[in-house]
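# I'd like to go over a predicted model; first the sequence, then the structure.
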Amino acid sequence: MNQYFKLLFYTIFIGISLNAYSQQYTSNTLQLIENATSPNATLEDVSWIQGHWKGEAFGGITEEIWSPPLGDSMMFVFKLVVDNKVVFYEAGGIRQVDKTLFLQFKHFHGDFKGWEEKDETVDFKLVKIEDNKVYFEGFTFEKISDNEINGSSLK
């Protein structure tokens, strides 16, 4: 019987290790393993993100507007308002690049002065898509309902 438990333990340990090796999980976000390529995907796979979303996060009120797919991209704008003042904005989109998707954006202070240098963006490679979730490296979108969407980020 002791051999059975050892075998079971090693089987579970190896399974967990392989899973951790293939994708690094951090909270609700995923990372590609080193030198891995993003999976094939189209904008239609994530078109459920389009819409006008409002909610609470970061100690304030958030508003995010996503366009439908057009011209190999979906664009968005985001703002965070705390104590009735805009703390920051984001502008960006999901782009169809070759046969996969790529999330990019830039941050702006409440006065529209940029955080990143002129030609720099914050970039996220596609890791995985599920029915109601899209995982980019370090950023995840999840559709909770027709009226609610969540975003999780490492950056």
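Perfect, thanks for sending it.

# element containing residue 86?
Following DSSP states H and E, one finds residue 86 within strand 85-97.

# Go through that strand and flag the buried ones.
Buried residues in strand 85-97, counted by 16 or more other C-beta atoms under 10 Å: 86, 88-96. C-beta: built from backbone N, CA, C; applies to glycine.

# Quick check: of these, which lies closest to residue 80?
residue 88 (5.6 Å; C-beta to C-beta).

# List the residues that contact that closest one.
Neighbour list for residue 88: 79-80, 107-110, 115 [criterion: C-beta atoms under 8 Å, 6 or more residues apart in numbering].

# Tell me where the model's unsure across the protein.
1-27, 154-155 (pLDDT under 70).

# before we move on, back to that, please spell out the PyMOL selection for the buried subset of the contacts of residue 88.
Applying 16+ other C-beta under 10 Å to the contacts of residue 88 leaves a buried subset, and the PyMOL line that selects it is:
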select buried, resi 79+80+107+108
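
# Now go through the contacts of residue 88 and say which are in strands.
Among the contacts of residue 88, DSSP state E puts 79-80, 107-109 in strands.

# Of these, just say which sits nearest to residue 153.
Of these, the one sitting nearest to residue 153 (C-beta to C-beta) turns out to be residue 107, at 11.8 Å.

# Residues in a beta bridge with that closest one, which ones?
residue 90 (DSSP bridges).

# cool, and residue 100?
Here residue 100, judged by DSSP bridges, has bridge partners residue 97.

# residues contacting residue 85?
residue 110.

# cool, and residue 143?
For residue 143, the contact set (C-beta under 8 Å, 6+ apart) comprises 48-49, 132-133, 149.

# related to what we said a few turns ago, would you mind listing the two of the contacts of residue 88 that lie farthest apart?
Among the contacts of residue 88, 79 and 115 lie farthest apart (C-beta to C-beta), at 13.8 Å.

# Dump the buried residues of strand 85-97 to TSV, plus distance to residue 72.
Below are the buried residues of strand 85-97 laid out as TSV (distance: C-beta to C-beta, whole Å):
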residue	distance to residue 72
86	30
88	27
89	24
90	20
91	17
92	14
93	10
94	10
95	6
96	4
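
# And these, which is closest to residue 42?
residue 96 (6.5 Å).
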